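[1] Sequence plus the predicted model coming up.
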Amino acid sequence: MLNPNDIIKYNKLTNEQKKALEKKMQATDLNYLSSVSFEQFNVTTHEIEELNQLVDRKTKGGSGLFNTVFISVLCGLFIGISIFFVIFQKSKNHPSVYQSIEEEKAQHKLENFITAIDTVFPKIETKNVEHYNTIVNNAVEMAEPEMIETLPSKPLDVNLSEQENEKDIIFQFTPNAPTIFIHNLKITNYRLYYFKQNQSINLSSNLGLSAQYGNASDIEKTNLNTSNVQFAHKIIQKAMRLFNSKNNVNCIEELSVLYEYNPDDANAQFYLGMCYYQLGKYAIAQTYFQKNLDNLNNIFHQESEFYQALCLLNLKQTDEATKLLQYIANNKGFYSERAKETINKQIKN
């Protein structure tokens, strides 16, 4: 740095000293300006030292430390906010966030739905299902016989213990013939009754059999009376369709052809009894039910026994009907509960 004293003593210097000093002052623009200012304002070395001390106090004093700390705190706060914002945005975009939101919405909807319907209950209508009906719709034939509960036609005379009696009942309920389902109705011995040596049985020669009708308006001209060839398996299929649609009169016509050809046809026996029962001809119905109970094929024994008891009730043979109903209830078969209900109604009446 240039010495201000040298500049003040400029006039006292020799020519060589002046040239060296001018050359030194003009080395840089800053030195030149400094020399001009020193020369113009007559600045001394003491004044420059005081100015340096003042600058040092300003830059190294308490205010400088405070500014440094304040700026550091601001930077730290900014960095912390930036990191928090980045983490928050990442967690917000994560799939689990949307999943939790959707679960909350679904739970809220479910709570509202339960609140809206918690006092409303659907009404369940009970319906008596007959033992000869199943959920099978228009089945052609089953590979194995359905395990159907059955009842004996006559009570046992032997006194058995309770355990032995239960085993015997289970054995008695075991079906002894194969079954299929046509129009949701149980049919037994389909091939044995309606086929001979794997050939369809032609029943056209039995078309002259008279049918049972309530009146002339009930008569329906069926294919049975117009076709030259009628096969047994077609007749039973048509009969089941008529029975399922509660067309009892025409169903009797079809079943009568089968019964005329084979009086031991368990299907014809039972469904003829049901048709006459539904028509209110209880005496005729009871006859067919008894024939079915005497049949070695036990597939319809439970049904025939129960509806025979109902026929006896309608024929005012109350004692015999009650005795048979009590026997059905004690055997714990398919119609056991219905037999108990019928007995209770008779007692109330």
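    Cool, got the structure.

[2] list the contacts for Tyr307?
    Shown in contact with Tyr307 (CB atoms under 8 Å, 6 or more residues apart in numbering): 273-274, 277, 285, 289. Using the backbone N, CA and C atoms, a C-beta is placed for each residue, glycine as well.

[3] now do 10 Å
    Taking CB atoms under 10 Å, 6 or more residues apart in numbering as the contact definition, Tyr307 lies against 130, 270, 273-274, 277-278, 282, 285-286, 288-289, 292, 300, 335.

[4] Below-threshold pLDDT in the stretch 101-250 of the chain: ranges please.
    Applying pLDDT under 70 to the stretch 101-250 of the chain picks out residues 101-127, 134-172, 205-228.

[5] Show me the contacts of Tyr307 that map onto strands.
    Among the contacts of Tyr307, none falls in strands (DSSP state E).

[6] Just the buried subset of the residues you listed, please.
    Neighbour counting by 16 or more other CB atoms under 10 Å classes 270, 273-274, 277, 282, 285-286, 288-289, 292, 300, 335 among the contacts of Tyr307 as buried.

[7] that older thread, could I get the contacts of Tyr307 as JSON lines with distance to Glu49?
    Below are the contacts of Tyr307 laid out as JSON lines (distance: CB to CB, whole Å):
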{"residue": "Glu130", "distance to Glu49": "126"}
{"residue": "Phe270", "distance to Glu49": "135"}
{"residue": "Gly273", "distance to Glu49": "139"}
{"residue": "Met274", "distance to Glu49": "134"}
{"residue": "Tyr277", "distance to Glu49": "137"}
{"residue": "Gln278", "distance to Glu49": "134"}
{"residue": "Tyr282", "distance to Glu49": "142"}
{"residue": "Ala285", "distance to Glu49": "140"}
{"residue": "Gln286", "distance to Glu49": "143"}
{"residue": "Tyr288", "distance to Glu49": "142"}
{"residue": "Phe289", "distance to Glu49": "139"}
{"residue": "Asn292", "distance to Glu49": "139"}
{"residue": "Phe300", "distance to Glu49": "134"}
{"residue": "Tyr335", "distance to Glu49": "128"}
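
[8] Spell out the residue ranges of the strands in the protein.
    179-182, 185-188, 195-196, 199-200.

[9] For the third one, enumerate the helices and strands it packs against.
    This points to strand 195-196. Counting contacts by 3 or more CB pairs under 10 Å, 6 or more residues apart in numbering; DSSP states H and E, strand 195-196 packs against helix 232-244.

[10] Run through the residues that contact the nearest residue to Asn267 once chain neighbours are set aside.
    Nearest residue to Asn267, sequence neighbours excluded (CB to CB, 6 or more residues apart in numbering): Ile187, at 5.5 Å. Taking CB under 10 Å, 6+ apart, we find Ile187 in contact with 132, 139, 141, 178-181, 193-194, 233, 236-237, 239-240, 266-267, 271, 299.

[11] Make a ChimeraX selection of the buried ones in those.
    Here is the ChimeraX selection string for the buried members of the contacts of Ile187, based on 16+ other CB under 10 Å:
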select :132,178,179,180,181,193,194,233,236,237,239,240,266,267,271,299
